[in-house]
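K.L.:
Below are the sequence and a predicted model; questions follow.
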Amino acid sequence: MHEQNEGFQVLGFPCNQFGKQEPGNNEEILEFARSKYDANFPMFAKIEVNGDGECDLYKWLKSEKADPERSADIAWNFTKFLVGKDGEVLARFEPKTTPEEIGEYLAPV
């Protein structure tokens, strides 16, 4: 399945701040995601999502949508954000949220 043909696009942003789960370089991370998980979406360079080195994209995403406990910080890998075509951050999903659960939000798109 290629998400862009469904009216939305998945984007991946690897981060090594959570249990050092992404220690490789960008090429190694991409190869792992493609070979192990059949990832077919754009994968960006490794970033930091919390702390002093936090990238501007995640500063903005977190300022728009805090987690259920009202914390802006990303608690673990696979936190997901749904951003509308107009750039509005529509929802934030915690790591255990499945693609099927997120699909419920995509019906009106």
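P.N.:
That came in fine, so what should we check first?
K.L.:
which of the residues in stretch 51-62 are buried?
P.N.:
Neighbour counts over stretch 51-62 (16 or more other CB atoms under 10 Å) mark 54, 58, 61-62 as buried. The way it works is simple: take the backbone N, C-alpha and C, and place the C-beta from them, glycine included.
K.L.:
Which residues lie in contact with the residue nearest in space to the middle of the chain in this structure?
P.N.:
In the chain, the centroid-proximal residue (CA atoms, centre = their mean) is Lys80; its distance is 4.2 Å. When contacts are counted by CB atoms under 8 Å, 6 or more residues apart in numbering, Lys80 touches 92-93, 97, 102.
K.L.:
ok, now Thr79?
P.N.:
Here Thr79 is in contact with 49, 67, 92-95 (CB under 8 Å, 6+ apart).
K.L.:
hmm, try it at 7 Å
P.N.:
92, 94-95 (CB atoms under 7 Å, 6 or more residues apart in numbering).
K.L.:
before we move on, what about Leu106?
P.N.:
Phe8.
K.L.:
where does it land on pLDDT?
P.N.:
Leu106 is assigned 80 on the pLDDT scale.
K.L.:
Same check on Phe81?
P.N.:
For Phe81, pLDDT reads 95.
K.L.:
i'd like the first residue to be 84 from this point on
P.N.:
Yes, from this point I'll number from 84; that puts the last item at Phe164.
K.L.:
Show the contacting residues for it.
P.N.:
144, 148, 172, 175 are the contacts of Phe164 under CB under 7 Å, 6+ apart.
K.L.:
Mind doing that once more with 10 Å?
P.N.:
Going by CB atoms under 10 Å, 6 or more residues apart in numbering, Phe164 touches 94, 96, 140-141, 143-145, 147-148, 157, 172-176.
K.L.:
Among those residues, name the ones in helices.
P.N.:
Among the contacts of Phe164, the members falling in helices are 140-141, 143-145, 147 (criterion: DSSP state H).
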